[in-house]
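Q: just to be clear, the model below is a prediction. Sequence and coordinates:
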Amino acid sequence: MTKAKNANQNIKKIKKSRSLGFDFDFKIQDKKSNRSAPRRVGRSSVYGNQLRLKQIVKFSYGIKESQLRKYYKEASRRSEPTGITLIHLLESRLDNCVYRMGFAATRAQARQMVSHGHVLVNGKKVSIRSYSVNKGDTISIDEKAKKHDRVQSSVELRKDDENFPDWVSVDFDKFEGVLNALPELSALPDEFSKISLVVEWYSK
């Protein structure tokens, strides 16, 4: 990926973060205005709040509207509360698990790694980004990807991350991790405690 393309993507992320007033996982500083990405969002209508959170969820997990609607329909068919089930379906995506385990610095990078066939689940290559990881599954990185600078850099940073998710266990030396559980809403950004707004949006 070229520096120009990276710069354009960063600008888009800054604009999206500011428009939604949400601090996404990437750490970006707008040098021109010398302000951090998110801005304060004023009071809004119920409709506006539902739309905002839906956009936050889509942008956070890097999915399209059709995909989020599909996940909602699946979550609504299950016996558990729809909101937390929806989050669990998103969190169990393979690309998200690769990101959570620290093998990629961003979900976009994780999606690329999966698509290029660098990720194994229980020893078998899986190239489907939306593949649903089960609790107890082992995720590992192939030998080629282990040598990539971006992968090594991400792993080195995440080794000392105090906010590393406690629902996964990772052997950074082996580039191997296990999904032990799925997160409670309290373990995610505060905005996700309002996931019922997304459920209300789709249940209309």
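A: That came in fine, so what should we check first? The model shown is predicted, which means the values in this text are computed figures rather than measured ones.
Q: for Ser60, see how far away Leu53 is.
A: In this view, Leu53 and Ser60 are 10 Å apart by C-beta to C-beta, to the nearest Å. From N, CA and C alone the C-beta is placed, and that goes for glycine too.
Q: next one: Phe164
A: From Phe164 to Ser60 the distance is 18 Å (C-beta to C-beta).
Q: check Ser193 too.
A: 14 Å.
Q: neighbour count winner among those two?
A: Legend: neighbour count by other C-beta atoms under 10 Å for Ser193 and Ser60, higher for Ser60 (19 against 12).
Q: contacts for stretch 188-202?
A: Here stretch 188-202 makes contact (C-beta atoms under 8 Å, 6 or more residues apart in numbering) with 22-23, 49-51, 53-54, 56-57, 68-69, 72-73, 75-76, 82-84, 86-87, 185-186.
Q: could you list every residue that touches the residue positioned nearest the centre of the chain?
A: Centroid-nearest residue in the chain, with C-alpha atoms, centre = their mean: Tyr61, separated by 4.0 Å. Shown in contact with Tyr61 (C-beta under 8 Å, 6+ apart): 90, 93, 96, 107.
Q: ok, Val57 - how many residues close by?
A: Other residues near Val57 number 21, with proximity taken as other C-beta under 10 Å.
Q: follow-up on the earlier one: of the contacts of stretch 188-202, keep whichever come out buried.
A: Among the contacts of stretch 188-202, those classed as buried by 16 or more other C-beta atoms under 10 Å are 22, 49-51, 53-54, 56-57, 68, 72, 75, 82-84, 86-87.
Q: before we move on, what SS does Leu182 have?
A: At Leu182, secondary structure determined by DSSP: H, G, I helix; E, B strand; the rest coil is coil.
Q: element containing the residue nearest to it when sequence neighbours are not counted?
A: Leaving aside its sequence neighbours, Leu182 sits nearest to His88 (C-beta to C-beta, 6 or more residues apart in numbering; 4.4 Å). Here His88, judged by DSSP states H and E, is contained in helix 82-91.
Q: just the strands in this structure please.
A: 29-30, 35-36, 119-121, 124-125, 138-141, 168-171, 176-179 (DSSP state E).
Q: the third one pairs with which strands?
A: The partner list of strand 119-121 in its sheet, established with DSSP bridges, is strand 124-125 (antiparallel), strand 138-141 (antiparallel).
Q: most packed of these?
A: Across those, averaging neighbours per residue (mean count of other C-beta atoms under 10 Å) puts strand 138-141 on top, at a mean of 21.
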